[in-house]
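can you look at this prediction? I've put the sequence above it.
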Amino acid sequence: DAKTTQPPSMDCAEGRAANLPCNHSTISGNEYVYWYRQIHSQGPQYIIHGLKNNETNEMASLIITEDRKSSTLILPHATLRDTAVYYCIVRLLSYNQGGKLIFGQGTELSVKP
Amino acid sequence: DAMVIQNPRYQVTQFGKPVTLSCSQTLNHNVMYWYQQKSSQAPKLLFHYYDKDFNNEADTPDNFQSRRPNTSFCFLDIRSPGLGDAAMYLCATSRDNQETQYFGPGTRLLVL
């Protein structure tokens, strides 16, 4: 089972920051937080991941709380093309597990003009 | 650009008629994965290959099999598709088990 909880849907105004929360209260010390998004009828797209430090790349920022029990994905200036389902995934990185991704239900983000 | 390619994007098959979906990658990644995504659901891992080593998920039906003839290609074979197998099938690759997975565009399978 997925180890994350996300709100099922969110709205955001175009040009504003979109802040997508994720709870992962049972996360273990060696588990990473990954974010993917899936635009309708396309394959999931990798966004960002982190272990305990905040991370930023050209797509987004990831803020992880100090206790690691929750995180927030930030899209700084949302556009209509950011409308998608966003998946927060806690991933155990071990050889035996194959690094499998266990997707939860995700958050459906709608960016509105 | 290096990428994960899935063909065809849409596949129609008949109930009980074997069907093969294909995935290729130009990333030279060691690991290839197959996920199934049914309508309005999240993707679910079916199996993966690490090089030539096949790893099946415990709850993947026997009806689903896979082949990886070389590093670049991986196939998903559905021996006797049922109506419940209609779904989007996603291929993903990663350089190693611990590395980020990159997904292809998916093949949507329709079973008539």
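Perfect, I can see it now. These numbers come from a predicted model, not from an experiment.

could you check how far the closest residue to residue B:17 other than its chain neighbours is from residue A:23?
Distance criterion CB to CB, 6 or more residues apart in numbering or on different chains; nearest residue to residue B:17, sequence neighbours excluded, is residue B:81 at 6.7 Å. Bear in mind the C-beta positions are built from the backbone N, C-alpha and C, glycine included. Separation of residue B:81 from residue A:23 (CB to CB, to the nearest Å): 38 Å.

grab the most central residue of chain B for me.
residue B:34 (3.2 Å; CA atoms, centre = their mean).

quick one: is the helix or strand of chain A with the lowest mean pLDDT near chain B?
Least confident helix or strand of chain A, by mean pLDDT, DSSP states H and E, is strand A:84-92 with a mean of 92. Yes: judged by CB under 8 Å from any CB of the partner chain, strand A:84-92 and chain B are in contact via residue A:87.

what does chain B have sitting close to chain A?
Checking chain B against chain A by CB under 8 Å from any CB, the hits are B:4, B:6, B:31, B:33, B:42-45, B:48, B:50, B:55, B:88, B:90, B:92, B:94, B:96-106, B:108.

among those, which ones are in helices?
Using DSSP state H, the subset of the residues of chain B next to chain A located in helices is empty.

narrow the residues you listed to those that are buried.
Using 16 or more other CB atoms under 10 Å in any protein chain shown as the burial test, the residues of chain B next to chain A include B:4, B:6, B:31, B:33, B:42-45, B:48, B:50, B:55, B:88, B:90, B:92, B:94, B:97-98, B:100-106, B:108 as buried.

so what does the least confident helix or strand of chain A touch, helix or strand wise?
strand A:18-23, strand A:31-38, strand A:70-75, strand A:107-112 (3 or more CB pairs under 8 Å, 6 or more residues apart in numbering or on different chains; DSSP states H and E).

okay, the angle between it and strand A:31-38?
160 degrees (axes from the mean of the first three to the mean of the last three CA atoms, to 10 degrees).

quick one: strand A:84-92 to chain centroid distance?
5 Å (CA atoms, centre = their mean, to the nearest Å).

angle of that strand against strand A:107-112?
Using the same axes, to 10 degrees, strand A:84-92 lies at 150 degrees relative to strand A:107-112.

so strand A:84-92 versus strand A:18-23, what angle?
Using the same axes, to 10 degrees: strand A:84-92 against strand A:18-23 is 40 degrees.

can you list contacts of strand A:84-92?
A:2-4, A:6, A:20, A:22, A:24, A:27-28, A:30-40, A:44, A:47, A:49, A:71, A:73, A:99-104, A:106-109, B:42 (CB atoms under 8 Å, 6 or more residues apart in numbering or on different chains).

re earlier: in strands, which of the residues of chain B next to chain A appear?
For these, membership in strands holds for B:4, B:6, B:31, B:33, B:44-45, B:48, B:50, B:55, B:88, B:90, B:92, B:94, B:102-103, B:108, with DSSP state E as the criterion.

in contact with residue B:34, which residues?
Contacts of residue B:34 by CB under 8 Å, 6+ apart are B:23, B:45, B:46, B:47, B:48, B:64, B:66, B:74, B:76, B:89, B:90, B:91.

can I get the residues you listed in TSV including pLDDT?
Formatted as TSV, these follow (pLDDT from 0 to 100):
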residue	pLDDT
B:23	97
B:45	93
B:46	95
B:47	93
B:48	93
B:64	97
B:66	97
B:74	97
B:76	97
B:89	98
B:90	97
B:91	97
